[in-house]
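1. sequence and computational prediction follow.
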Amino acid sequence: MTKPEFLVNKWHELRVPVQGGDLFLAFHDCDTADAPVVVFHANGRTGWSYRRLVEDELDKRPVYLIDFRGHGRSTASFDPDTLTNWQSFFTDAESVLAFIKAREAQAPHIFGHSLGAL
């Protein structure tokens, strides 16, 4: 059985537990101690959609590509018909950042596009 594309070339699967499931993180390991880059995607996209954007950083620093709830490989559900505010996304982002800060020596550089920029 072949590995999924995201697990090839030092990409790994990580999961962060949140209310209602977990969030998927594609993580690219790097042997440097530079501050990591964290990418939060736009609505209707996935973190993996941004892999080309961060290609130049892969040999310089760790990279985390996040799938928000209801997107990509995350199991945490999201029902747009019941959305009354953005709090679940804020809470999920805080959980992801706490998880990453516990793993990394330096505070991360954060990139967010549209929904991910909230």
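-> All right, it came through fine.
2. please make it C-alpha for all contacts and neighbour counts, starting now.
-> Fine.
3. how about Ala117, phi and psi?
-> Backbone geometry at Ala117, expressed as degrees, to the nearest 10, gives phi -90, psi 0.
4. next, Leu65: secondary structure please.
-> Classification of Leu65 by DSSP: H, G, I helix; E, B strand; the rest coil places it in strand.
5. if it is in a bridge, with which residues?
-> Beta-bridge partners recorded for Leu65 (DSSP bridges): Ala26, Val39.
6. tell me the spacing between it and Asp29.
-> Separation of Leu65 from Asp29 (Cα to Cα, to the nearest Å): 12 Å.
7. among these two, which residue is more densely surrounded?
-> Between Leu65 and Asp29, Leu65 has the larger neighbour count (other Cα atoms under 10 Å), namely 24 against 18.
8. quick one: low-confidence ranges for this protein?
-> Applying pLDDT under 70 to the chain picks out residues 1-9.
9. what are the ranges of the helices in it?
-> Assigned by DSSP state H, the helices in the chain fall at 87-103.
10. all the strands of it, residue numbers only.
-> Secondary structure of the chain (DSSP state E): strands located at 11-18, 21-28, 37-40, 63-67, 109-112.
11. pipe the ones you listed into a markdown table and attach distance to Ala76 per row.
-> Below are those laid out as a markdown table (distance: least, Cα to Cα, whole Å):
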| stretch | distance to Ala76 |
| --- | --- |
| strand 11-18 | 7 |
| strand 21-28 | 4 |
| strand 37-40 | 16 |
| strand 63-67 | 10 |
| strand 109-112 | 20 |
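12. for those strands, which one sits closest to Asn85?
-> strand 11-18 (17.2 Å; Cα to Cα).
13. what strands flank the closest one, and is each parallel or antiparallel?
-> Sheet pairing of strand 11-18 (DSSP bridges) gives strand 21-28 (antiparallel).
14. can I get the strand it pairs with as CSV, trimmed to CA atoms?
-> Taking C-alpha atoms only, strand 21-28 is exported to CSV below (Å, rounded to 0.1, in the frame of the first residue of the first chain):
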residue,chain,number,x,y,z
GLY,A,21,-13.5,15.2,17.4
ASP,A,22,-10.1,16.3,16.4
LEU,A,23,-8.3,18.6,14.1
PHE,A,24,-5.8,17.3,11.5
LEU,A,25,-2.4,18.8,11.1
ALA,A,26,0.0,18.0,8.3
PHE,A,27,3.4,18.5,9.9
HIS,A,28,6.7,18.8,8.0
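15. no further queries at this time; thank you.
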